[in-house]
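*Asks:* sequence plus the predicted model coming up.
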Amino acid sequence: MSSTEGKTITCRAAVAWGPKKPLSVETVEVAPPQAGEVRVKITHTAICHTDAYTLDGLDAEGLFPCILGHEAAGIVESVGEGVTEVQPGDKVIPCYQAECRECKFCLSNKTNLCGKVRPATGNGVMLSDRKSRFSVNGKPIYHFMGTSTFSEYTVVHAVSVAKLNPAAPLEKVCLLGCGIPTGLGAVWNTAKVESGSTVAIFGLGSVGLAVAEGAKAAGATEIIGVDINPDKFELAKNFGCTKFINPKDHKEPIQQVIVDMTDGGVDYSFECVGNVDLMRSALECCHKGWGTSVIVGVAAAGKEISTRPFQLVTGRVWKGTAFGGFKSRSQVPQLVEKYLNKEIKVDEYITHNLPFSKINEGFDLLHGGTCLRCVLHMDQ
Ligand SMILES: NC(=O)C1=CN([C@@H]2O[C@H](COP(=O)(O)OP(=O)(O)OC[C@H]3O[C@@H](n4cnc5c(N)ncnc54)[C@H](O)[C@@H]3O)[C@@H](O)[C@H]2O)C=CC1
Ligand SMILES: N[C@@H](CCC(=O)N[C@@H](CSC=O)C(=O)NCC(=O)O)C(=O)O
Ligand SMILES: [Zn+2]
Ligand SMILES: [Zn+2]
């Protein structure tokens, strides 16, 4: 039993007071976990583009003030009534895609989505009482994605906690909380890329590179990387890309360039930017009759996709993925094992490490074009 069990913890957190405002690292109060909840001491958290997307005011569900962060790892500090699957001292990853294993989504083999806590997490509160566990001098601060990992301590729903192998290095496996599983799973679960396939990847950030790694592992023979930043291409080779295209080097639409170079189009494409025009290009570069395009990128509130219906009538498939289609509590531990067995990369995605106190520098790095993932160390 921890000395803080049942008590409010006062700790550091990076508060987003409003859209486009720098985060403010300050003292927050974190209330004890209620029934069905877990309080986690976050040891390491990365910054994902989706954090920046919400901070920039682009998130339809964005609420302020809030504590962002959703790609992290830590150690259970205490659990609320009825929680039996984890206990204080366990190494865990908070999962924004919950897995209650009871709702109709969880009972379906067709999706990794879960309906139990999503109505609460989309409103920045906990399910049991529709209230927040965070406050600053008594003023409530919203949760984010049911994770809020930009805090030394956070409270999450027990159905959102993946228990890890105690041998897992938290400073590395924190990245298995979002981007890497999303890219790998987009290939393995959502598209189900077969050996010998041709693949096009739009956007060679962490997610796009994980798509490349997943496609290579699936036996794809041609993996075309598309990015407007040529500095990404050398790096992308190490993840499996075999060819590169910079749309800025071509007058024709990028989808035509790809159709011309692949005898009619690719078998699979993945949009990993969040740009609706690129989503159209990604669909239209797919092969007639069977080509499948997966939307991974998160587009700003209000944005919509469009294409000619004829593209679908003639056999192309347009789909999307959330967290790569992985069922979180069940499969994140398996991904950790794959990492420990050197079957998947993690270290290669970490380009920067910073103390938590420098979180705003971490966001600047994200926008700089040279950072894949920056890991924040919460004890610094
Ligand atoms: N669906 C899901 O579950 C998840 C979605 N995401 C989303 O995936 C997207 C990618 O995430 P990250 O890899 O972290 O982002 P990132 O910003 O690191 O990578 C984006 C890449 O796209 C390139 N790019 C930008 N505009 C382009 C254009 N017009 N044409 C070609 N390339 C272009 C950039 O140079 C960069 O290399 C984001 O929208 C993020 O919100 C991230 C994690 C999970
Ligand atoms: N609140 C956003 C939702 C944006 C989105 O699509 N989020 C992804 C994860 S992105 C992680 O980096 C996701 O899993 N969506 C499914 C879900 O249940 O939210 C908006 O409203 O646009
Ligand atoms: Zn993310
Ligand atoms: Zn569920």
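*Replies:* Done, it's in. Since we're looking at a predicted model, the values are computed, not measured. Ligands and ions are numbered 1, 2, ... in the order given.

*Asks:* interface residues of this structure facing ligand 2?
*Replies:* 48, 50, 59, 60, 61, 97, 113, 118, 178, 298, 322, 323 (Cβ under 6 Å from any ligand atom). Placement of C-beta: from N, CA and C, glycine included.

*Asks:* in the chain, which residue sits closest to ligand 1?
*Replies:* residue 205 (2.1 Å; Cβ to the nearest ligand atom).

*Asks:* is stretch 296-314 in proximity to ligand 3?
*Replies:* No: figure legend: stretch 296-314 not in contact with ligand 3 (Cβ under 5 Å from the ion); closest approach 8.3 Å.

*Asks:* which ones are touching residue 319?
*Replies:* Shown in contact with residue 319 (Cβ atoms under 8 Å, 6 or more residues apart in numbering): 190, 191, 292, 293, 294, 295.

*Asks:* same question, residue 155
*Replies:* With Cβ under 8 Å, 6+ apart, residue 155 has these contacts: 30, 31, 33, 37, 38, 39, 40, 126, 133, 134, 143.

*Asks:* sorry, back to before: with respect to residue 336, which of the residues of the chain next to ligand 2 is nearest?
*Replies:* residue 178 (13.9 Å; Cβ to Cβ).

*Asks:* just checking, that closest one touches residue 70?
*Replies:* Yes: Residue 178 lies in contact with residue 70 (Cβ atoms under 8 Å); the separation is 6.0 Å.

*Asks:* between these two, who's got more neighbours?
*Replies:* Using other Cβ atoms under 10 Å as the criterion, residue 178 and residue 70 rank with residue 178 on top: 28 against 24.

*Asks:* what touches both of residue 178 and residue 70?
*Replies:* 48, 50, 96.

*Asks:* for the helix or strand containing the second one, which helices and strands make contact with it?
*Replies:* Assessed by DSSP states H and E, residue 50 sits inside helix 49-55. Other helices and strands packing on helix 49-55, by 3 or more Cβ pairs under 8 Å, 6 or more residues apart in numbering; DSSP states H and E, are helix 359-368.

*Asks:* run a quick neighbour tally on the one residue in the stretch 251-380 of the chain that gets nearest to ligand 4.
*Replies:* At 9.2 Å from ligand 4, residue 327 is the closest residue in the stretch 251-380 of the chain, using Cβ to the ion. For residue 327, the tally of surrounding residues (other Cβ under 10 Å) stands at 23.

*Asks:* now do the contacts for it.
*Replies:* 99, 106, 112.

*Asks:* low pLDDT regions in the stretch 201-350 of the chain?
*Replies:* For the stretch 201-350 of the chain, applying pLDDT under 70 flags no range at all.

*Asks:* wait, what's in contact with the residue in the stretch 151-300 of the chain that ligand 3 sits nearest to?
*Replies:* Residue of the stretch 151-300 of the chain nearest ligand 3, by Cβ to the ion: residue 178 (3.4 Å). Going by Cβ under 8 Å, 6+ apart, residue 178 touches 46, 48, 50, 70, 71, 96, 323.

*Asks:* repeat the analysis, applying 7 Å as the threshold.
*Replies:* Taking Cβ atoms under 7 Å, 6 or more residues apart in numbering, we find residue 178 in contact with 48, 70, 71.

*Asks:* and of these, the nearest to ligand 2?
*Replies:* Once Cβ to the nearest ligand atom is applied, the member of the contacts of residue 178 that ends up nearest ligand 2 is residue 48, at 4.7 Å.

*Asks:* got the contact list for the closest one?
*Replies:* Counting by Cβ under 7 Å, 6+ apart, residue 48 makes contact with 70, 71, 178, 179.

*Asks:* tell me which of those residues fall in strands.
*Replies:* Cross-referencing the contacts of residue 48 against strands under DSSP state E gives residue 71.

*Asks:* got the residues of this protein near ligand 1?
*Replies:* Counting by Cβ under 6 Å from any ligand atom, the chain comes close to ligand 1 at 48-50, 53, 178-179, 182, 202-208, 226-229, 232, 247, 272-275, 278, 296-298, 321-323.

*Asks:* 5 Å instead, please
*Replies:* Proximity of the chain to ligand 1, by Cβ under 5 Å from any ligand atom, involves residues 49-50, 179, 182, 203-207, 227-229, 272-274, 296-298, 322-323.

*Asks:* those, buried ones only, as a PyMOL selection?
*Replies:* Those of the residues of the chain next to ligand 1 that count as buried under 16 or more other Cβ atoms under 10 Å are selected in PyMOL with:
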select buried, resi 49+50+179+182+203+204+205+206+207+227+228+272+273+274+296+297+298+322+323
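
*Asks:* for the nearest residue to residue 143 once chain neighbours are set aside, the count of nearby residues, please.
*Replies:* With Cβ to Cβ, 6 or more residues apart in numbering as the criterion, residue 143 has its nearest non-adjacent residue at 5.0 Å, and that residue is residue 124. The tally of other residues near residue 124 (other Cβ under 10 Å) stands at 25.

*Asks:* of the residues of the chain next to ligand 2, just say which sits nearest to residue 262.
*Replies:* The closest of the residues of the chain next to ligand 2 to residue 262 turns out to be residue 298 (Cβ to Cβ; 27.1 Å).

*Asks:* excluding its backbone neighbours, what's nearest that closest one?
*Replies:* Here the residue nearest residue 298, using Cβ to Cβ, 6+ apart, is residue 274, at 4.8 Å.
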